[in-house]
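Colleague: predicted model and sequence below, questions to follow.
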Amino acid sequence: MECPHCNKKVGLFSKALNKMGKVKLCPHCSGEIKLFVDFKVAAILLVPFVVLSLFVLKPLMIQLGLSGSIATGLATGIVIALSMRLKKGS
C-alpha cells in the first residue's frame, strides 16, 4: 500500500498500521492515514476467490484431514487483505 501523502510504500503488517485507533501515522512523512476496505476491489476479487476456495482449497484441506471451512476462512482473509487501502486522515 502507498501513503496518500508521500506515495511511499507502507506494509500492511508494519508497526505504523498495527497501532490501536482509527487514525495512524505514516512512518515516512508522519501524515495521518486511515486503513479501510475498498468494497469495489473486494467485490471484484470475490468471485475468483470463491471458485478457488471451492474447487482448489477445500478439496486440498479435506485431503489433509482438515475441515473444508478452513478454505473458506483462508479465501475470505486473502480477499480482505488484498482489498485494504489507505486514505488521508481527518
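Modeller: Ah, there it is. Given the structure is predicted, the values throughout are model-derived calculations rather than measurements. Numbers count the residues shown, from 1 in each chain.
Colleague: where's residue 67 relative to residue 81, distance?
Modeller: According to CB to CB, to the nearest Å, residue 67 stands 21 Å off from residue 81. From N, CA and C alone the C-beta is placed, and that goes for glycine too.
Colleague: ugh, wrong one, residue 41
Modeller: Distance, residue 41 to residue 81, using CB to CB: 11 Å.
Colleague: now do residue 45
Modeller: From residue 45 to residue 81 the distance is 10 Å (CB to CB).
Colleague: so between the two, which is more surrounded?
Modeller: Set residue 45 next to residue 81 and count neighbours by other CB atoms under 10 Å: residue 45 wins out with 16 against 11.
Colleague: quick check: phi and psi on the more buried one?
Modeller: Main-chain torsions, residue 45, degrees, to the nearest 10: phi -80, psi -20.
Colleague: if I pick the closest residue to it other than its chain neighbours, what's in contact with it?
Modeller: Closest residue to residue 45 apart from its sequence neighbours, by CB to CB, 6 or more residues apart in numbering: residue 79 at 4.9 Å. Residues in contact with residue 79 (CB atoms under 8 Å, 6 or more residues apart in numbering) are 42, 45, 46, 49.
Colleague: what about the third one, helix or strand, and which?
Modeller: It refers to residue 46. Using DSSP states H and E, residue 46 maps to helix 39-52.
Colleague: state the mean pLDDT of whichever helix or strand comes after that helix.
Modeller: The helix or strand immediately downstream of helix 39-52 is helix 58-63, counting by DSSP H and E. What helix 58-63 shows for mean pLDDT is 91.
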